[in-house]
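[1] quick one, what's the 3D model for this:
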Amino acid sequence: MARASSGLAYPERFYAAAAYAGYGDGSNGSGATSKFQNDVALLLYGLYQQAIVGPCNTAKPRAWNPVEHSKWTSWHGLGNMASTEAMRLFVKILEEEDPGWFSRVPEFTVEPIVDVEMHKPKIESFADPAIPNGNLLEEPKIISAENGTMPETEDKDIIMEGLGSIGIYDQWIAPSVSGQRPKPRYEHGAALVQDKMYVFGGNHNGRYLSDLQVLDLKRLMWSKVEARAAVESSESNSVTVSPCAGHSLITWGHKVLSVAGHTKDPTETVTVKEFNPQTCTWADLKTYGKPPISRGGQSVTLVGDTLVMFGGEDAKRSLLNDLHILDLETMTWDDMDAIGTPPSPRSDHTAACHADRYLLIFGGGSHATVFNDLHVLDLQTMEWSRPNQQGVTPGPRAGHAGVTVGENWFIAGGGDNKNGISETLVLNMSTLIWSVVTTVQGRVPLASEGLSLVSSTYNGEDFLVSFGGYNGRYSNEVYVLKPSHKSDAQSKIERPVSDSIATLHPAVNTSRDAGPESEAAQDGKIREIVMDNVDSEPLNVRSEETSERVVSALKAEKEELEATLNREQLQGIQLKKELSDAEARNIELTKELQSVRGQLAAEQSRCFKLEVDLAELRQKLQTMETLEKEVELLQRQKAASEQAAMSAKQKQSSGGVWGWLAGSPPESE
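    Okay, here's the model as predicted:
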């Protein structure tokens, strides 16, 4: 193939490539760059500016324009890359996209063209004016940084359908969607079956919905499914689907299961419905065992051939933290008892499964509290735990959505009872490292509660698709994010040069998930692309140097791991010693407690005896008081008798004289 090395050295070779790409005439790439995809054109622009001007010191554009923002991001992401390195990288990428460019290079001027203006309203090399009739496919819209508005751009030379139109990594894009859009909603369910996203139910203005909508992700076209009841059979019963919200929609084979949810007339127990896309029918599945009570806002996670349900809110608004498992082979419910401290009762949380063994629960809310805690349940030992986490600390949120891509768990949306959450997070479930994928600005559906999130694969790349939500108004918008799979916290926070290049142009780094050979060196240069002279350096020499760098990096990592292991072992020994000391002290305190308990028992017995003696003395005292009263009464009676006797004697002595005078004889004694 034709190479740029045909007798032309740097920097002349770079200026020839820049002229071919349209940067040599002051047009800033408005010519030939339109033949490249947008991500390649953005990368070439950033490298050209880095080579000519240097590191980006231009302020981020204020007036929102997706093209200018993407150009600024491409240039700013190169950091302090050397000018010569940017030149070599520019030529290498151009050779990969157009191997025969040098044979068609026009006459060029070696003098560089400097362009630092970043506030033009529109660059024709990336976007053309909108077509008045609006029949052509629109360029995807990027979330605005001001007021959540979505300016539209188009590229008449590049028309790609479906998810293939998304060329930027780690940014939420609002693509052009055709067909009749569903009614705005939140707390709905979404599931993916064969490149089609099925959306069922939800809440709109306080009313539950029962419609079933489908989005064809290959064409990004909406359509409504006219579902009907299935014919009654031995395994399923005919059913009329009731409007519901807060349910869980799970893909099971080529069918969709709807589990639980709030309804206008709730049942006593959780119901399971099945939708068959081939026959467009709903069926109410018969379950066995002890089904959970009806609820909404729960999490339902597919683990192998079982569904694991946790938490939620029942019809009486009581929050739950119970755990139930549905075996999909036998359709039998079983409530599970786990050891350890479970998550507090909650609803509107998210759950994910890692390695078909560990169930992760994150966030959610109660009636007054919003959580940001992470709990892990080992489904083999049935034990709850609170693992140590690294990276950024996620904020409290409820009503968010989550989806797993490999070992990465992406979390989007949610609210904290005050505002919508603007950060989209990713958790590496193997290392438990949190990092921020992107942050949206303004009141947009991505910063709302009750949205749905599914993952899809297109042309070997993963995509996250979000729909709906509520943040003061109901949404029926679709947003797409193409993750770069960089789950390391440092790579997300610092965003080194290699990450920025791989984000914009995946061909530069063929494996974004590769090992140390694909990571950036400490000096900020790209290991895979650095080359001093393409012509003079043999391939095997570069391979040996790359292998040596890989081996040295692995050795350094091994030494670091060994040092970490030694520290952990020392810490373990110290903890064991502290544990033994604590156990010995506990034994002494137990003995002392037993002694005190014996003394207390003796004192209690003595007190009881004293109380008995006191009761006896009180009884004797009462008896003495009674005797004293009787003695006093007898004394009074005696005194009265003596007084009466004395009075009678006096009358007798005086009665003899008066009787003689009266002529009555004296009484005989």
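
[2] okay, now residue 410: neighbour count?
    Using other CB atoms under 10 Å as the criterion, residue 410 is surrounded by 22 other residues. The C-beta positions use only the backbone N, C-alpha and C, and glycine is treated the same way.

[3] for this structure, longest helix please?
    Looking across the chain with DSSP state H, the single longest helix is helix 539-662.

[4] which helices and strands does that helix pack with?
    On a contact count with 3 or more CB pairs under 8 Å, 6 or more residues apart in numbering; DSSP states H and E, helix 539-662 meets no helix or strand.

[5] ranges for the helices of this protein?
    12-21, 38-52, 66-76, 83-97, 489-493, 497-504, 539-662.

[6] in contact with the residue most central in space within the chain, which residues?
    By CA atoms, centre = their mean, the chain has its centre lying nearest to residue 411, at 4.0 Å. If you count contacts by CB atoms under 8 Å, 6 or more residues apart in numbering, residue 411 has them with 350, 362, 363, 394, 397, 400, 401, 402, 424, 425, 426, 427.

[7] between the residues you listed, which sits nearest residue 464?
    Among the contacts of residue 411, residue 424 lies closest to residue 464 (CB to CB), at 8.4 Å.

[8] now render the helices of the chain as TSV, adding mean neighbour count.
    Output for the helices of the chain, formatted as TSV (neighbours: other CB atoms under 10 Å):
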stretch	mean neighbour count
helix 12-21	23
helix 38-52	26
helix 66-76	22
helix 83-97	20
helix 489-493	16
helix 497-504	24
helix 539-662	10
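
[9] mean pLDDT for the ones you listed - can I get that in CSV?
    As requested, the helices of the chain are exported to CSV (pLDDT from 0 to 100):
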stretch, mean pLDDT
helix 12-21, 83
helix 38-52, 85
helix 66-76, 81
helix 83-97, 83
helix 489-493, 37
helix 497-504, 36
helix 539-662, 83
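
[10] how about these in CSV, adding distance to residue 225?
    Shown next, in CSV, are these (distance: least, CB to CB, whole Å):
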stretch, distance to residue 225
helix 12-21, 47
helix 38-52, 34
helix 66-76, 33
helix 83-97, 42
helix 489-493, 38
helix 497-504, 37
helix 539-662, 52
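
[11] re the thing from before, looking at the contacts of residue 411, which is nearest residue 644?
    Closest approach between the contacts of residue 411 and residue 644, by CB to CB: residue 363, at 102.6 Å.

[12] tally of neighbours for that closest one?
    Neighbourhood size, residue 363 [other CB under 10 Å]: 27.

[13] quick check: it vs residue 607, distance?
    The spacing between residue 363 and residue 607, counted by CB to CB, to the nearest Å, is 56 Å.

[14] and what of residue 100?
    Distance from residue 100 to residue 607, by CB to CB: 107 Å.

[15] quick revisit: among the helices of the chain, which is nearest residue 162?
    helix 38-52 (15.7 Å).

[16] so what secondary structure elements neighbour that closest one?
    Contacts defined by 3+ CB pairs under 8 Å, 6+ apart place helix 38-52 against helix 12-21, helix 66-76, helix 83-97, helix 497-504.

[17] quick one: contacts for the spatially closest residue to residue 247 that is not a sequence neighbour?
    Excluding the flanking residues, the one nearest residue 247 by CB to CB, 6 or more residues apart in numbering is residue 261, at 2.7 Å. For residue 261, the contacting residues are 189, 201, 244, 245, 246, 247, 248, 296, by CB under 8 Å, 6+ apart.

[18] sitting in strands, which of the residues you listed do you find?
    Under the assignment DSSP state E, the contacts of residue 261 contribute 189, 201, 244, 245, 248, 296 to strands.
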